[in-house]
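>>> Provided below for reference: sequence and predicted model.
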Amino acid sequence: MKPRNKPDEEEAEFFHLPSRKNWSTRLIKFISALVVFMAGLVIGLSLSGRFNAQTEIFFPGTMYSVNCDKDFLGFKSFVTPQHLIHSMTDEELFWRASMAPKMEEYPFQRVPKVAFMFMTRGTLPFARLWDRFFKGHEGQYSVYLHTLPDYKLNVSTNSAFYGRQIPSEEVSWGSVTLVDAEKRLLANALLDFSNERFVLLSESCIPVYNFTTVYNYLIYSAHSFVESYDENSQEARGRYNRRMAPTIKLYHWRKGSQWFELNRELAVYIVADYQYYSIFRKYCKPSCYPDEHYIPTYLNMFHGSLNSNRTVTWVDWSRSGPHPATYGAPNITADFIRSIRNNGTSCTYNSKPTSVCFLFARKFAPNALGPLLALSSALMGF
């Protein structure tokens, strides 16, 4: 029997056995269809993604879920920061604060403000007195606090001091860290373009006039109030280090009270200065007291005509020692406050003689608060 080369017709009809050629053709068609399908799927997904992306551009689905009206995104928060906490280093902060607009006109309604900058180690014993002083004058002042780095100030939410702590660093008495703190306060206050005058105060300072008197005195002054004098004594010229030459020479050297008041122009100059500050940092070591010499010397060298060479903060150095006299509750009387206001000191204001030389006073003990509050309304007008 010969082997069969092909199935019987019945077998072929039952099993539907395709030829080898037909099978290959069908396989190729299947694979081609699968490739076309997959390509179409990829192209479809791609077009769908593009369509969605383009749709997102013109009809963004998440645009209205983001609050684009937040203050920190707008012009208002740039010229008048509402929040003082930031992550800038001192170098970054000083660079940012030293920027000064060249246009004379402001693109917003600017009310000049006085920045009250407090350098404090802890509590503010006279916060209640200062709150009375500030009350009713919102928009004319700003408050800044340099404290210990981790200190949490405990004041009510309606206090002028609430939320006004700046990022601070450790400060050591008699060291250049005091100058660092002063520059840090100035720089943070300069971020508010409405701040025009800058007063440095301590936790032991009090005002001896009402806000309106202080505000007008400072805002309309043609000069800043930084004590700066030359004295041939161990406490003045004796602190000069000859290694500061030739950049700073002995005839440049000045001494003065740490408690200053500056206009905006001079505040920018001081924050921007590194050349002269670095010399003080290197050569004005303890027993030199850079906080009593850096700003007085710098202003004397470059901006003496803008400075009154006096301070507006009264203090009693009549007693011997490295610190001024401290006054507590038994000392606080109406006559004592009047003696600070009119103590026989003569000075000039806008180049004219005046008897109003001091706007603030120090150094007061915490127990002086009660008597001061009792006198503030009738005597000081707040």
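Happy to help now that I have it. Residues are numbered from 1 along each chain as shown.
>>> low-scoring stretches of the protein, by residue?
In the predicted model of the chain, residues 1-73 satisfy pLDDT under 70.
>>> again, only using 90
Scanning the chain with the threshold set as pLDDT under 90 gives 1-83, 104-106, 108, 121-122, 150, 173-174, 286-287, 317-323, 342-346.
>>> for this protein, what spans make up the strands?
113-119, 141-146, 195-202, 206-207, 261-263, 313-314, 347-349, 352-354, 360-361 (DSSP state E).
>>> Can I get these in a markdown table including distance to E104 and mean neighbour count?
For the C-beta atoms, the positions are set from N, CA and C on the backbone; glycine is no exception. Output for these, formatted as a markdown table (distance: least, Cβ to Cβ, whole Å; neighbours: other Cβ atoms under 10 Å):
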| stretch | distance to E104 | mean neighbour count |
| --- | --- | --- |
| strand 113-119 | 19 | 24 |
| strand 141-146 | 22 | 22 |
| strand 195-202 | 14 | 23 |
| strand 206-207 | 32 | 24 |
| strand 261-263 | 16 | 25 |
| strand 313-314 | 32 | 23 |
| strand 347-349 | 26 | 15 |
| strand 352-354 | 27 | 8 |
| strand 360-361 | 32 | 22 |
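>>> need these in TSV with distance to A245, can you?
Shown next, in TSV, are these (distance: least, Cβ to Cβ, whole Å):
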stretch	distance to A245
strand 113-119	31
strand 141-146	32
strand 195-202	29
strand 206-207	41
strand 261-263	27
strand 313-314	32
strand 347-349	33
strand 352-354	38
strand 360-361	36
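>>> out of those, which comes closest to G174?
Nearest to G174, of all those, is strand 113-119, at 14.0 Å by Cβ to Cβ.
>>> chain center to the closest one, what's the gap?
11 Å (Cα atoms, centre = their mean, to the nearest Å).
>>> Which of the strands of the chain sits closest to V214?
strand 206-207 (6.3 Å).
>>> outside of that closest one, which residues touch it?
Strand 206-207 has contacts (Cβ atoms under 8 Å, 6 or more residues apart in numbering) with 126, 129-130, 133, 214, 359-362, 364, 368, 372, 380, 382.
>>> And those, which two are furthest apart?
Most distant of the contacts of strand 206-207, by Cβ to Cβ, are V214 and A368, 19.4 Å apart.
>>> contacting residues around the closest residue to L185 other than its chain neighbours?
Closest residue to L185 apart from its sequence neighbours, by Cβ to Cβ, 6 or more residues apart in numbering: M117 at 4.1 Å. Applying Cβ under 8 Å, 6+ apart, we find M117 in contact with 144, 146, 185-186, 189, 198-201.
>>> What count of nearby residues applies to the closest residue to P324 other than its chain neighbours?
Take P324 and drop its neighbours on the chain: the residue closest to it by Cβ to Cβ, 6+ apart is V315, 4.6 Å away. Residues lying near V315 (other Cβ atoms under 10 Å) number 19.
>>> who are the neighbours in contact with V315?
257, 259, 324-325, 361-363.
>>> which among those end up buried?
257, 259, 324, 361-363 (16 or more other Cβ atoms under 10 Å).
>>> nearest to N210, of these?
Distances from N210 to the buried ones among the contacts of V315, taken by Cβ to Cβ, are shortest for A361, at 14.2 Å.
>>> thinking again about what came up before, which of the contacts of M117 lies closest to V226?
L200 (9.8 Å).
>>> quick one, what contacts the closest one?
117, 119, 182, 185, 258-261.
>>> Including distance to V79, could those residues go into a markdown table?
Putting the contacts of L200 into a markdown table (distance: Cβ to Cβ, whole Å) gives the following:
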| residue | distance to V79 |
| --- | --- |
| M117 | 19 |
| M119 | 25 |
| E182 | 23 |
| L185 | 19 |
| Q258 | 30 |
| W259 | 28 |
| F260 | 25 |
| E261 | 23 |
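>>> Among those residues, which one lies nearest to A97?
L185 (10.5 Å).
>>> from what I can see that closest one touches V143, true?
No - here L185 does not reach V143: they are 10.7 Å apart, not a contact under Cβ atoms under 8 Å.
>>> hey, what's in contact with both of the two?
With Cβ under 8 Å, 6+ apart as the test, L185 and V143 reach no residue in common.
>>> Just the helices from the stretch 51-200 of the chain, written as ranges.
Secondary structure of the stretch 51-200 of the chain by DSSP state H, counting those that start in this stretch: the helices cover 75-79, 90-97, 127-134, 177-190.
>>> Return the set of buried residues in the first one.
For helix 75-79, the neighbour count (16+ other Cβ under 10 Å) marks V79 as buried.
>>> Find out how far that helix is from the centre of the chain, if you would.
14 Å.
>>> cool, and stretch 133-140?
Counting by Cα atoms, centre = their mean, stretch 133-140 comes out at 20 Å from the chain centroid.
>>> and the end-to-end length of it?
This stretch, stretch 133-140, spans 12 Å end to end (Cα to Cα, to the nearest Å).
>>> and S204, how many residues sit next to it?
For S204, using other Cβ under 10 Å, the count is 20.
>>> Now do the contacts for the nearest residue to it once chain neighbours are set aside.
Spatial nearest neighbour of S204, chain neighbours left out: K363 (4.4 Å); criterion: Cβ to Cβ, 6+ apart. Residues counted as contacts of K363 (Cβ under 8 Å, 6+ apart) are 202, 204-205, 315-316, 323-327.
>>> any chance of those in JSON lines, plus distance to F225?
Shown next, in JSON lines, are the contacts of K363 (distance: Cβ to Cβ, whole Å):
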{"residue": "S202", "distance to F225": "16"}
{"residue": "S204", "distance to F225": "19"}
{"residue": "C205", "distance to F225": "14"}
{"residue": "V315", "distance to F225": "14"}
{"residue": "D316", "distance to F225": "18"}
{"residue": "H323", "distance to F225": "22"}
{"residue": "P324", "distance to F225": "18"}
{"residue": "A325", "distance to F225": "22"}
{"residue": "T326", "distance to F225": "23"}
{"residue": "Y327", "distance to F225": "22"}
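>>> Perfect, that will be all.
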